[in-house]
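J.: Sequence and computational prediction follow.
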Amino acid sequence: MDVSNVVQNEKRRKIMLIDSKSFYASVESVSLGLNPLKSFLVVMSRQENTNGGLVLAASPRAKKELGVKNVMRQRDVPKDPRLIIVNPRMNLYIAMNKKVNDIFRQYVAEDDLQLYSIDESILDLTPSWTYLKSKFGNDLTMHKLARIIQLHVKRKLGLYLTVGIGDSVAMAKMALDIESKHNHSLIGEWSFEDLPTKLWPIKELDEVWSIGRRTAKTLNKLGVFSMGDLARMNPYYLKKELGIRGEELFALAWGVDRSIVAKKYHVKDGNISNSQVLPRDYVKRSEIENVIREIREQVASRLRAKHKNTGVVSLYVGFSYAASQDSNRSGFSAQMKIESTNRSQPIVQALWQIFDAHYDKEVVRNLGVSAGKLTPDGHEQMDLFIAPNKQVEASLLEKTIDEIRAKYGVTSLVKLSSLGQGGTMINRAGLVGGHNGGNAYG
């Protein structure tokens, strides 16, 4: 199949997706005056819920030469005198992320920069390309510019960058994930013409960005065992079998992504979630339900802050290792449609209903709540079985609680059950992103 014929009408953009290599570990290495690529360093979470410690990040040498892996327990980390173990400092990482992106802003306009995650950013250089050529020379290429940016950040901040270059956002992301980390330059560059040799031979479908294990298994059932198979599938058949997701997967196999960074590219839009690893194994139903309520409060508060309602709630329950061995399942995940709302009570009632339907006295260690099918608030359907004035009062009360917590802190108002019954809200209140905030510059 001739790629040029298929994508001849697709607009090509000059996209970079840039990742700060081993970001947390690199930031900590730089703060100690060490080279991030030569240091042996591990960032270890020491919260109660990690049973002594859990690896959040490791330097490249710690991974390659000592076998350290993310999410490895402290007890499994090799005992090596060269290895430096530090606590996470999320505020420091956030501050460094801002410095990195401030450098990127010297190459693209604010509208053409998308913060993809704390260590990845998308740059659409298409609008600024003429200016960049006038600054760096008419022989400027995307590869040369990537090298200029790498050296700029290394010289200024001491960090190493991996760069994916592509004709679209999706292509740049795949170039970053699949190619750049294997190149000495830490740069991977893909165009539409490269897909038959760089993307289509891939048979491990879940190694490709946005394709998870479940989707890979579904594709296998449809006779798709490589990205090339996917590219050669009938798109109408894929849509019939998988809905809009089928169209998206077919487009991915051809590198087609019409997202414009200036219109802000969102990888996961329309979803608000929260999850946590529990501080110990939970066996009492009342304690598990109490933590579900706490997480629900956080999700509902975020919905209200964003002026959104949810029409679908999901619950994930992960079992402890021993329990998963005994029951032959690691946990369960299920969702339920609800009347569009951002009030806590109907959301938690639905979550408890899901829990009751799937829980069978297993030992629980992980919990997660997600709210999807988001719509603007202000159009909530009233419950016919509850007096309207009671519903309005409940809504006003929750908004008041939100305002108090925003001003005085999350723990300024807590339910009595959060002081006991396995509650985790108070212990987690001082965390940033689930981990120690630390001191931004200390």
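T.: That came through fine.
J.: Thought residue 219 was touching residue 212, still the case?
T.: No: in this structure, residue 212 is not within contact of residue 219 by Cβ atoms under 8 Å, at 10.7 Å. In short, each C-beta sits where N, CA and C put it, glycine included.
J.: For these two, indicate the residue with more neighbours.
T.: More crowded of residue 212 and residue 219, by other Cβ atoms under 10 Å: residue 219, with 24 against 11.
J.: Could you give the backbone dihedrals for the more buried one?
T.: As for residue 219, its main-chain torsions (degrees, to the nearest 10) stand at phi -60, psi -40.
J.: Surely it and residue 206 touch.
T.: No: Residue 219 lies out of contact with residue 206 (Cβ under 8 Å); the separation is 9.6 Å.
J.: How are the strands of the stretch 151-300 of the chain distributed by residue range?
T.: With DSSP state E, counting those that start in this stretch as the criterion, the stretch 151-300 of the chain has strands at 161-166, 187-189, 271-282.
J.: Name the stretch among those that sits most buried.
T.: strand 161-166 (a mean of 27; mean count of other Cβ atoms under 10 Å).
J.: Which elements pack onto that strand?
T.: Packing partners of strand 161-166 (3 or more Cβ pairs under 8 Å, 6 or more residues apart in numbering; DSSP states H and E): strand 15-20, helix 142-157, helix 169-178, strand 187-189.
J.: Neighbouring strands of that strand in the sheet, and parallel or not?
T.: strand 15-20 (antiparallel), strand 187-189 (parallel) (DSSP bridges).
J.: any idea what residue 313 is structurally, helix, strand or coil?
T.: strand (DSSP: H, G, I helix; E, B strand; the rest coil).
J.: Could you count how many residues lie near it?
T.: Counted with other Cβ under 10 Å, residues neighbouring residue 313 total 27.
J.: give me every residue that touches it.
T.: When contacts are counted by Cβ atoms under 8 Å, 6 or more residues apart in numbering, residue 313 touches 335-336, 338, 347, 350-351, 354, 369-372.
J.: any idea which of those is closest to residue 280?
T.: Using Cβ to Cβ, residue 369 comes nearest to residue 280 of those, at 19.7 Å.
J.: Could you tell me how many residues sit around the closest residue to residue 124 other than its chain neighbours?
T.: Among residues not flanking residue 124 along the chain, residue 261 sits closest, at 3.8 Å (Cβ to Cβ, 6 or more residues apart in numbering). Residue 261: 23 surrounding residues under other Cβ under 10 Å.
J.: swap in residue 112?
T.: Counted with other Cβ under 10 Å, residue 112 comes out at 21.
J.: wait, residue 292 sits on residue 348?
T.: Yes: under the criterion of Cβ under 8 Å, residue 292 makes contact with residue 348 at 6.9 Å.
J.: May I ask which helix or strand encompasses the residue positioned nearest the centre of the chain?
T.: Geometric centre of the chain, nearest residue: residue 117, 6.9 Å, by Cα atoms, centre = their mean. Here residue 117 is covered by no helix or strand, with elements defined by DSSP states H and E.
J.: Would you enumerate the residues in contact with it?
T.: Here residue 117 is in contact with no residue (Cβ under 8 Å, 6+ apart).
J.: from now on call the first residue 723
T.: Got it, first residue is 723 now, which makes that one residue 839.
J.: quick check: domain ranges of this protein?
T.: Domains of the chain are assigned by the TED database as 746-811, 920-976, 994-1158.
J.: What mean pLDDT does the second one get?
T.: This points to domain 920-976. The pLDDT scores in domain 920-976 average 92.
J.: and what of stretch 843-860?
T.: In this model, stretch 843-860 has an average pLDDT of 95.
J.: can you give me the end-to-end distance of that stretch?
T.: Using Cα to Cα, to the nearest Å, one end of stretch 843-860 lies 26 Å from the other.
J.: Tell me the buried residues in it?
T.: Buried residues in stretch 843-860, counted by 16 or more other Cβ atoms under 10 Å: 843-848, 850, 854.
J.: related to what we said a few turns ago, quick one: the domains of the chain as JSON lines, columns for distance to residue 876 too.
T.: Converted to JSON lines, the domains of the chain look like this (distance: least, Cβ to Cβ, whole Å):
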{"stretch": "domain 746-811", "distance to residue 876": "10"}
{"stretch": "domain 920-976", "distance to residue 876": "26"}
{"stretch": "domain 994-1158", "distance to residue 876": "26"}
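J.: if you compare these, which one is most tucked away?
T.: Most buried of the domains of the chain by mean neighbour count (mean count of other Cβ under 10 Å) is domain 746-811; its value is a mean of 18.
J.: Now do the contacts for residue 879.
T.: 752, 818, 821-822, 825.
J.: Show me just the buried residues among those.
T.: Counted by 16+ other Cβ under 10 Å, these give 752, 818, 822, 825 as buried.
J.: Point out the least confident one among these.
T.: residue 818 (92).
J.: quick one: that one and residue 749 touch, right?
T.: Yes: look at residue 818 against residue 749 with Cβ under 8 Å: they come within range, at 5.0 Å.
J.: tell me, what's touching these two both at once?
T.: When contacts are counted by Cβ under 8 Å, 6+ apart, residue 818 and residue 749 are jointly contacted by residue 881.
J.: any idea how far the closest residue to residue 984 other than its chain neighbours is from residue 740?
T.: Distances taken as Cβ to Cβ, 6+ apart place residue 833 nearest to residue 984, at 4.3 Å, with adjacent residues excluded. Distance of residue 833 to residue 740, computed by Cβ to Cβ, to the nearest Å: 17 Å.
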